[in-house]
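Visitor: Have a look at this prediction, sequence included:
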Amino acid sequence: MINYSDKDNIDKLILLEKNSLQATIDIQKTLNKQILVFMKNFIGNIEISADNDGENSAYMYLSKSTTVLNKSNTNISNIGKLLELLDNLQEATETLPQSKLISKIEAYNKKFSTTIDSTYKNTKKIEEFIHETSMLDLSTFLKENSKPEKSVKKENEEQTNTITSTDLESGFIEKTLIISDIQKKVILPYKLDKIEDILLANSAKYKSLQDVIDKLYTRPIKYYKAPAIARFKESYRLMRKKEHSSILKALSLASELFMNYNLHPAIITACKNIDQLDIYLACLEDDTLDEFKFFDIKYEVAPKLT
């Protein structure tokens with residue numbers, strides 16, 4: 001806050017205020033880094049195991065970490081806006097008459113008070129979370145079980161986007177994400193010409209086209225056993241491995257999709273880049289999934305008895 005007394009000292013007061021805010025923002029960035037380190041380590045260590053009827057602490061910590069990360073980013077953004085206001089104020093000191101200058105300083109002080117109050121409240125929660133996680137042994141999560149997420153697919157979607165075991169075994173199905181609860185596996189989209197190229201280039205490693213698909217394009221369905229955590233991890237990997245983004249951007253997307261219950265995590269895995277995922281999410285939001293053309297999505301179901 002600027003305690004204005006006379007115009008001669010205003011430049012000095014603004015400089016002191018800038019130094020104070022910069023020190024505050026440095027502290028916030030340090031806290032932000034600690035949250036990011038926890039989230040990065042958490043993603044690398046958490047494992048998905050069998051079902052558990054009890055409350056799962058992995059969800060709690062992942063949810064808490066995304067919440068405090070948002071609070072931390074808000075603090076940094078808000079303090080940055082105060083610094084911008086100070087730059088504008090500094091430019092105006094030479095041209096504005098004293099009455100208007102005082103009015104601008106009062107407006108800044110009002111904004112400062114609101115921002116700092118919010119920052120202190122957020123910082124308290126952030127520090128509590130960091131203290132809590134500093135006492136946490138991440139290895140305990142390896143023994144923890146995760147509850148499966150209830151499917152929210154619409155009934156008509158289940159009817160139109162299904163494939164039987166007979167269809168699946170009848171031949172290669174290109175450009176199709178297959179999610180099979182029966183065979184307990186997920187087959188990612190592929191194109192046969194690329195599979196053939198891989199086989200020809202690695203004939204000593206792979207025995208057949210099916211062998212390439214089994215080893216490179218197939219995942220066990222238990223990999224997605226806890227959908228919320230799987231969404232978080234797959235979003236993070238998409239940004240880091242395929243988009244080569246910063247950790248901050250990767251965690252931002254992962255946090256955003258963590259609670260998107262309409263999104264099966266295998267779809268994130270199947271997307272080649274963020275553009276494909278964005279288009280899918282837009283189609284999902286507008287209920288126009290038939291317009292998503294990058295790959296089909298099929299759920300394997302057992303044939304009905306007659």
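Guide: Good, I have the coordinates. Because the structure is predicted, anything quoted here is derived from the model rather than measured.
Visitor: Helix or strand next in line after whatever helix or strand A266 lives in, which one?
Guide: For A266, the host element (DSSP states H and E) is helix 265-270. Next in sequence after helix 265-270, counting helices and strands by DSSP H and E, comes helix 274-286.
Visitor: same question for the next helix or strand after that following helix, mean pLDDT?
Guide: Counting by DSSP H and E, the next helix or strand C-terminal to helix 274-286 is strand 296-301. Mean per-residue pLDDT for strand 296-301: 86.
Visitor: Please could you give me each C-alpha atom of strand 296-301, formatted as PDB?
Guide: C-alpha atoms of strand 296-301 as PDB (Å, rounded to 0.1, in the frame of the first residue of the first chain):
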ATOM      1  CA  ASP A 296     -14.000 -44.300 -34.000                       C
ATOM      2  CA  ILE A 297     -14.700 -45.400 -30.500                       C
ATOM      3  CA  LYS A 298     -16.200 -48.800 -29.900                       C
ATOM      4  CA  TYR A 299     -17.000 -50.600 -26.600                       C
ATOM      5  CA  GLU A 300     -16.900 -54.400 -26.800                       C
ATOM      6  CA  VAL A 301     -20.000 -56.100 -25.500                       C
END
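Visitor: how much does it deviate in direction from helix 274-286?
Guide: 70 degrees (axes from the mean of the first three to the mean of the last three CA atoms, to 10 degrees).
Visitor: ok, back up a step: what does the helix holding A266 contact?
Guide: 177, 179, 186, 188-189, 219, 224, 227, 230-231, 233-235, 237-238, 257, 277, 280, 295, 297 (CB atoms under 8 Å, 6 or more residues apart in numbering). To be clear about C-beta, it is placed using only N, CA and C from the backbone, and glycine gets the same treatment.
Visitor: Can you give the distance from that helix to the centre of its chain?
Guide: 13 Å (CA atoms, centre = their mean, to the nearest Å).
Visitor: For that helix, buried residues please.
Guide: Neighbour-count burial for helix 265-270 flags P265, A266, I267, I268, T269, A270 (criterion: 16 or more other CB atoms under 10 Å).
Visitor: Any idea how many residues pack against Q183?
Guide: 16 (other CB atoms under 10 Å).
Visitor: that's a helix at it, yeah?
Guide: No - going by DSSP: H, G, I helix; E, B strand; the rest coil, the assignment for Q183 is coil, not a helix.
Visitor: and the residue lying closest to it once chain neighbours are set aside, how far is that from I221?
Guide: Spatial nearest neighbour of Q183, chain neighbours left out: E300 (6.6 Å); criterion: CB to CB, 6 or more residues apart in numbering. Applying CB to CB, to the nearest Å, the value for E300 to I221 is 10 Å.
Visitor: just to revisit the earlier point, using CSV, write down the CA coordinates of the helix holding A266.
Guide: This file holds the C-alpha atoms of helix 265-270, laid out as CSV (Å, rounded to 0.1, in the frame of the first residue of the first chain):
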residue,chain,number,x,y,z
PRO,A,265,-9.2,-41.7,-20.1
ALA,A,266,-8.4,-44.1,-23.0
ILE,A,267,-9.7,-41.4,-25.4
ILE,A,268,-6.9,-39.1,-24.1
THR,A,269,-4.4,-41.8,-24.8
ALA,A,270,-5.7,-42.3,-28.3
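Visitor: re earlier: intersection of neighbour lists for E300 and I221?
Guide: Each of I179, S180, D181 lies in contact with both E300 and I221 under the rule CB under 8 Å, 6+ apart.
Visitor: can you give me the strands for the stretch 101-250 of the chain?
Guide: 162-164, 176-180, 185-187, 218-220 (DSSP state E, counting those that start in this stretch).
Visitor: how about CSV for the ones you listed, with distance to D290 added?
Guide: Listed next are the strands of the stretch 101-250 of the chain as CSV, based on distance: least, CB to CB, whole Å:
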stretch, distance to D290
strand 162-164, 15
strand 176-180, 15
strand 185-187, 21
strand 218-220, 26
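Visitor: Export the ones you listed to JSON lines and append columns for distance to A250, mean pLDDT and mean neighbour count.
Guide: Putting the strands of the stretch 101-250 of the chain into JSON lines (distance: least, CB to CB, whole Å; pLDDT from 0 to 100; neighbours: other CB atoms under 10 Å) gives the following:
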{"stretch": "strand 162-164", "distance to A250": "32", "mean pLDDT": "70", "mean neighbour count": "15"}
{"stretch": "strand 176-180", "distance to A250": "22", "mean pLDDT": "93", "mean neighbour count": "20"}
{"stretch": "strand 185-187", "distance to A250": "22", "mean pLDDT": "94", "mean neighbour count": "21"}
{"stretch": "strand 218-220", "distance to A250": "20", "mean pLDDT": "94", "mean neighbour count": "14"}
